[in-house]
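Asker: Everything below, folded, please.
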Amino acid sequence: MTLNEEPAPAKAAPPTEPPTAATHAVTNQPPPLAGHDPLASDPALRAVLDRHGIDDLGDLAREAWSEEAREHGRLANEHPPVLRTHDRYGHRIDEVEFHPSWHWLMERAIGHGLHAAPWLGGPGAHLRRAAGFYLWSQAEGGHGCPISMTYSAVPALRSSPELADRYVPALAATGYEPGLRDPATKGALLAGMSMTEKQGGSDVRANTTAAQPLGGGEYRLTGHKWFTSAPMNDLFLTLAQAPGGLSCFLVPRVLPGGERNGIRLQRLKDKLGNKSNASAELEYDGAVGLLLGEEGRGVRCIIEMVSLTRLDCVLGSAANMRAALSEAAHHVQHRSAFGQRLADAPLMRQVLADLALESEAATALALRLAEAVDAGEQELLRLALPAAKFFVCKRAPYAVAESMECLGGNGYVEESGLPRLYRESPLLSIWEGSGNVTSLDVLRALERQPAAREALFAELDAARGADTRYDAAVSVLHGELDAAAPARARHLAERIALTLQASLLLRHTPAEVADAFTATRLTTSGRTFGSDLIPGDPGALLSRITPR
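Answerer: Residues are numbered from 1 along each chain as shown. Model (predicted):
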């Protein structure tokens, strides 16, 4: 370097890499719950299937809890349906666009025969379908609505044999053909229900939709409907006022020849949950409907459809409880806090054992109702079904919320899946008759059908002598039904459901399960899960239901 040259700048030291942050090591978190066999940890379901020799639901069960099914359930709710009233040219089309995951779920539900397939016959067909519906609903609940309505539409259709012959084979077909086309050109159909109106809600006799006779069993319908779920289905059972009174009609979305029927979708409901499923307000603008049964007997015609969708509400609620319980039981097996594994913490064991009892009793009762459908036990169903719909569907939101709490903050975030279950759970208590409607239906059955009461106590008497607390509860129930009054309708529905559950557990579960149920449900007043001490070892209950 010369005297005139400046020294070269010193080279900067290379940046120092920060040390690896130890906070990014993931510990004390459970592995994902996917790929297990739900039949292996569902003793209530397995016991019923074993009694009836049903052994072909393993693939369905595993697929319902597969990572693929869980992801499709998430996507179908993350991308809810969109209403397209017009095409790009301004033509009215009244279509609803669904995410591909919705179609994936629908295709598999129908492929497993969870819609109207049981009406084709076979021993235990309705029980098998109920068990499958219960399992598959644990993957995603929203798409169960069109599946359920298609299943339940068949008895109403059979009030008009000609229409039943025309449509039931396609409703029972195990194929999925979405899109609006002439029903006669499709090999597989879906059915829906469109009853409630703005001014009436559950009081369908207040409906104002008018039906004008055209001749040949056809009518022109004009009016509005406040709730119509799955509006892209092919056929709808609806109520309207004909000259002879409130009547039931079959309304196709597309008429013979391919012309769209006069059904205008006004908007989709923005619901608390059930996001994957579309629920629409619609107008009948001169829509063509076909009379089912006789004029003036619409409620009687459609009541069987309502009853069977109520059965699916019970099954769906039991499924929500079971799915939430599986998440909670799995979590506590792999999570530690305050120096011990959560599954070993005495109070957590009490809470989960109590939730296990709730789930097992709900599942047993739901499947018993499906057995009654197969056996044609209409008298038992007339009383037991609304009572079960009232009680099991009421209990589901509490059970799901408590299961969520077992995961703490991890359960409150959307990624856990539990918030979706929680939003879904109140729906099944509201649809097809909310609490007051269903509990008052219990009173109507007692008043109008004495054989229903006899069938109920014949069912309860089958467990007499197995437990003194149970025997006392049945005796008290006799007296309470004698003094039935509207203000006590909810209490009566609850006691009927609880004694039915106790009867089933006493007859079909190990002694420690039945003893814990009668001790905590029939003789105590605890109102939160875990507040009543589970007799014996709670671990015996937990080992029955923990996913593995």
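
Asker: Tell me which helix or strand the residue lying closest to D42 once chain neighbours are set aside sits in.
Answerer: Spatially, and ignoring its direct neighbours in sequence, D42 is nearest to R322 (6.7 Å; CB to CB, 6 or more residues apart in numbering). From N, CA and C alone the C-beta is placed, and that goes for glycine too. Secondary structure from DSSP states H and E places R322 in helix 298-334.

Asker: quick one: average confidence on that helix?
Answerer: Average pLDDT, helix 298-334: 95.

Asker: Tell me the buried residues in that helix?
Answerer: Across helix 298-334, burial judged by 16 or more other CB atoms under 10 Å covers 298-299, 301-302, 304-333.

Asker: for stretch 109-117, same thing?
Answerer: By 16+ other CB under 10 Å, the buried positions in stretch 109-117 come out as 109-110, 112-117.

Asker: which one is R205 nearest to, not counting chain neighbours?
Answerer: Spatial nearest neighbour of R205, excluding adjacent residues (CB to CB, 6+ apart): L246 at 6.0 Å.

Asker: Am I right that S279 is in contact with G273?
Answerer: No. S279 is beyond contact range of G273, at 11.1 Å (criterion: CB atoms under 8 Å).

Asker: So the two - more neighbours on which side?
Answerer: Between S279 and G273, counting by other CB atoms under 10 Å, S279 is the more crowded of the two (21 against 18).

Asker: hey, where'd the helices end up in the stretch 251-400 of the chain?
Answerer: Applying DSSP state H, counting those that start in this stretch to the stretch 251-400 of the chain gives helices spanning 298-334, 346-375, 378-406.

Asker: For the second one, buried residues please.
Answerer: The neighbour-count criterion (16+ other CB under 10 Å) identifies 348-374 as the buried residues of helix 346-375.

Asker: what's that helix packed up against?
Answerer: Using 3 or more CB pairs under 8 Å, 6 or more residues apart in numbering; DSSP states H and E as the contact test, the elements touching helix 346-375 are helix 43-52, helix 125-137, helix 298-334, helix 378-406, helix 489-508, helix 511-521, helix 538-545.

Asker: pLDDT weak spots in this protein?
Answerer: 1-22, 524-526 (pLDDT under 70).

Asker: gap between the lengthiest strand in it and the chain center?
Answerer: Counting residues, the longest strand in the chain under DSSP state E turns out to be strand 279-292. Remark: strand 279-292 is offset 26 Å from the chain centroid, using CA atoms, centre = their mean, to the nearest Å.

Asker: any idea how far F390 lies from M195?
Answerer: Distance, F390 to M195, by CB to CB, to the nearest Å: 20 Å.

Asker: Tell me which of these two has more neighbours.
Answerer: Legend: neighbour count by other CB under 10 Å for F390 and M195, higher for F390 (30 against 26).

Asker: what about the helices in the stretch 1-150 of the chain?
Answerer: So, for the stretch 1-150 of the chain - with DSSP H, counting those that start in this stretch - the helices run 43-52, 58-64, 67-78, 100-111, 125-137, 144-157.

Asker: Kindly export the fifth one (C-alpha atoms) in PDB.
Answerer: Included here for helix 125-137 are C-alpha records, laid out as PDB according to Å, rounded to 0.1, in the frame of the first residue of the first chain:
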ATOM      1  CA  ALA A 125     -82.200 -54.100   7.600                       C
ATOM      2  CA  HIS A 126     -83.300 -51.100   9.600                       C
ATOM      3  CA  LEU A 127     -81.000 -51.900  12.500                       C
ATOM      4  CA  ARG A 128     -78.000 -52.400  10.200                       C
ATOM      5  CA  ARG A 129     -78.800 -49.100   8.500                       C
ATOM      6  CA  ALA A 130     -79.200 -47.300  11.900                       C
ATOM      7  CA  ALA A 131     -75.800 -48.700  13.100                       C
ATOM      8  CA  GLY A 132     -74.200 -47.600   9.900                       C
ATOM      9  CA  PHE A 133     -75.800 -44.100  10.100                       C
ATOM     10  CA  TYR A 134     -74.500 -43.800  13.600                       C
ATOM     11  CA  LEU A 135     -71.000 -44.700  12.600                       C
ATOM     12  CA  TRP A 136     -70.900 -42.600   9.500                       C
ATOM     13  CA  SER A 137     -72.300 -39.600  11.200                       C
END
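
Asker: who touches that helix?
Answerer: Residues outside helix 125-137 that contact it (CB atoms under 8 Å, 6 or more residues apart in numbering): 38-39, 45, 48-49, 52, 54, 56-57, 60-61, 64, 108-109, 112-114, 117-119, 144, 147-148, 151, 311-312, 315-316, 318-320, 322, 363, 366-367, 369-371, 373-374.

Asker: same thing with the shortest one?
Answerer: With CB under 8 Å, 6+ apart as the test, helix 58-64 has contacts from 35, 37-39, 69, 108, 112, 132, 135-136, 138-139.

Asker: Buried ones only from the residues you listed, please, as a PyMOL command.
Answerer: Only the buried entries of those go into this PyMOL selection, using 16+ other CB under 10 Å:
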select buried, resi 38+39+69+108+112+132+135+136+138+139
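
Asker: Please name whichever of the helices of the stretch 251-400 of the chain is nearest to L541.
Answerer: Proximity to L541 (CB to CB) singles out helix 346-375 among the helices of the stretch 251-400 of the chain, at 4.2 Å.
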